[in-house]
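Peer 1: Could you work out the structure for the sequence below:
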Amino acid sequence: MKKQESQARRECANYNNGNCLGIMFSREDGKLITKIDGKFAGKKCIVDTNNCSYFNQIVIKGGQFATR
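Peer 2: Below you'll find the model as predicted:
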C-alpha cells in the first residue's frame with residue numbers, strides 16, 4: 001500500500017475497504033451541497049494517482065488546520 005492510500009485509510013471519510021464512497025462537497029449560493037459523484041462512487045480508491053479532488057482539498061488541506 002502506498003503512503004497516500006495509507007493516509008486515506010486513516011483520515012478520508014470516503015475510504016471504504018479500498019473503494020471510494022464518492023461523496024463530494026461544493027458551495028452554491030452560500031450553501032453547502034453534498035452529492036454522490038458517480039465517477040468515484042464504488043470504484044477503487046485513486047488517491048495514489050493524485051487525481052482525487054476530495055482527498056487533495058478536504059483531507060490534505062483540512063489536515064493543515066487539525067490539532068494533533
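Peer 1: The closest residue in space to residue 39 that isn't next to it in sequence: how many residues sit nearby?
Peer 2: Counting by Cβ to Cβ, 6 or more residues apart in numbering, residue 22 is the residue found nearest to residue 39 once chain neighbours are left out, at 7.5 Å. For every residue, glycine as well, the C-beta is placed using N, CA and C. Here the number of neighbours of residue 22 (other Cβ atoms under 10 Å) works out to 17.
Peer 1: Give me the local confidence score for residue 22.
Peer 2: On the pLDDT scale, residue 22 is placed at 96.
Peer 1: who's in contact with it?
Peer 2: Residue 22 sits next to 14, 36, 37, 38, 39, 40, 41, 42, 43 when contact means Cβ atoms under 8 Å, 6 or more residues apart in numbering.
Peer 1: same thing but at 10 Å, please
Peer 2: 14, 16, 35, 36, 37, 38, 39, 40, 41, 42, 43, 54 (Cβ atoms under 10 Å, 6 or more residues apart in numbering).
Peer 1: Now for residue 52: which residues touch it?
Peer 2: 4, 8, 12, 14, 15, 20, 40, 45, 46, 58, 59, 60.
Peer 1: same thing with residue 59?
Peer 2: 4, 7, 8, 10, 11, 12, 13, 14, 15, 47, 52, 66.
Peer 1: Generate the ChimeraX command that creates a selection of the buried members of those.
Peer 2: The buried residues among the contacts of residue 59 can be selected in ChimeraX (16 or more other Cβ atoms under 10 Å) with this line:
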select :4,7,8,12,14,15,47,52
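Peer 1: Counting by contacts, list what the longest helix along the chain packs against.
Peer 2: For the chain, the helix with the greatest residue count under DSSP state H is helix 3-11. Judged by 3 or more Cβ pairs under 10 Å, 6 or more residues apart in numbering; DSSP states H and E, helix 3-11 is in contact with strand 15-16, helix 61-63.
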